[in-house]
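Novice: model the structure of this input:
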Amino acid sequence: MSEKKAGNDGMTEQLKRVQIYTDGACSGNPGRGGWAAILVFGKYEKEISGGVNETTNNRMEITAVIEGLRQLRFRCEVDVYSDSTYVINAFNQNWLRNWKKNGWVNSARVPVSNRDLWEKLDELQARHVVIWNKVKAHADHEYNNRCDALARAAIPSD
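Specialist: This next block holds a predicted model:
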């Protein structure tokens, strides 16, 4: 179902629906890492990926979603698919909302890791209507498998 909103002229506009499949990978944790996202809009697909020399797997998982959302030029309905429990639970279990409310400390009263990325992701996702979907890793899901391969290929070599 697509959300409708009133435009400046009072007319209702239909939001486009996009799927974003994401994955992150790390060689060592911390270590060299890669991220990937596949955006799907109707019959169109766009693959993006990148790598970092010193990072963690969780940072790559978050970065993949950030970079996917950065590709969107207008407000959309977005189905984000990730095999990262960390990313999905931050939204579906309100971790992010609670971290912000509690001054960026987690339930153990420890500063939240990757705050810089969470703040950017929060800013980007707020521009859209996002549904967060968990996919099982390495479960023969076409786009998850492709993202995994792209993320691993993006890991910088020695």
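
Novice: going forward, measure contacts and count neighbours with C-alpha atoms only.
Specialist: Fine.

Novice: just the strands in this protein please.
Specialist: Per DSSP state E, the chain carries strands over the ranges 4-6, 12-14, 16-28, 31-41, 44-55, 76-82, 129-134.

Novice: adjacent strands (with direction) for the third one?
Specialist: Translated: strand 16-28. strand 31-41 (antiparallel), strand 76-82 (parallel) (DSSP bridges).

Novice: enumerate every residue touching residue 69.
Specialist: By CA atoms under 8 Å, 6 or more residues apart in numbering, the contact list for residue 69 reads 20, 124-125.

Novice: rerun at 10 Å
Specialist: Taking CA atoms under 10 Å, 6 or more residues apart in numbering, we find residue 69 in contact with 18, 20, 37, 39, 63, 76, 78, 80, 121, 124-125, 127-128.

Novice: report pLDDT for it.
Specialist: We have a pLDDT of 98 for residue 69.

Novice: pull up the gap between it and residue 109, please.
Specialist: Using CA to CA, to the nearest Å, we find residue 69 at a distance of 30 Å from residue 109.

Novice: nearest to residue 138, of the contacts of residue 69?
Specialist: Taking CA to CA as the measure, residue 138 lies nearest residue 37 of the contacts of residue 69, at 15.9 Å.

Novice: check contacts around the closest one.
Specialist: Contacts of residue 37 by CA under 10 Å, 6+ apart are 19-24, 46-50, 61, 63-69, 71, 80-82, 143-144, 146-148, 150-151.

Novice: for it, give its distance to residue 85.
Specialist: Residue 37 sits 16 Å away from residue 85, going by CA to CA.

Novice: name the residues that touch stretch 135-154?
Specialist: The contact list for stretch 135-154, computed with CA under 10 Å, 6+ apart, reads 20-27, 32-40, 47-52, 60-61, 64, 80-85, 88.

Novice: swap in 8 Å and give it another go.
Specialist: For stretch 135-154, using CA under 8 Å, 6+ apart, the contacting residues are 21-26, 33-38, 49-51, 81-83.

Novice: dump the C-alpha coordinates for it into PDB.
Specialist: Coordinates of each C-alpha in stretch 135-154 appear next as PDB, following Å, rounded to 0.1, in the frame of the first residue of the first chain:
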ATOM      1  CA  VAL A 135      16.000 -11.400   6.300                       C
ATOM      2  CA  LYS A 136      17.800 -14.500   7.400                       C
ATOM      3  CA  ALA A 137      21.500 -14.400   6.400                       C
ATOM      4  CA  HIS A 138      22.800 -17.000   4.000                       C
ATOM      5  CA  ALA A 139      19.300 -18.500   3.500                       C
ATOM      6  CA  ASP A 140      19.400 -18.400  -0.300                       C
ATOM      7  CA  HIS A 141      17.600 -15.100  -0.700                       C
ATOM      8  CA  GLU A 142      18.500 -13.700  -4.100                       C
ATOM      9  CA  TYR A 143      19.100 -10.100  -3.200                       C
ATOM     10  CA  ASN A 144      20.700 -10.800   0.200                       C
ATOM     11  CA  ASN A 145      23.100 -13.200  -1.500                       C
ATOM     12  CA  ARG A 146      23.900 -10.600  -4.100                       C
ATOM     13  CA  CYS A 147      24.500  -7.900  -1.500                       C
ATOM     14  CA  ASP A 148      26.700 -10.200   0.500                       C
ATOM     15  CA  ALA A 149      28.800 -10.900  -2.600                       C
ATOM     16  CA  LEU A 150      29.000  -7.200  -3.500                       C
ATOM     17  CA  ALA A 151      30.000  -6.200   0.100                       C
ATOM     18  CA  ARG A 152      32.700  -8.800   0.200                       C
ATOM     19  CA  ALA A 153      34.000  -7.700  -3.200                       C
ATOM     20  CA  ALA A 154      34.200  -4.100  -1.900                       C
END
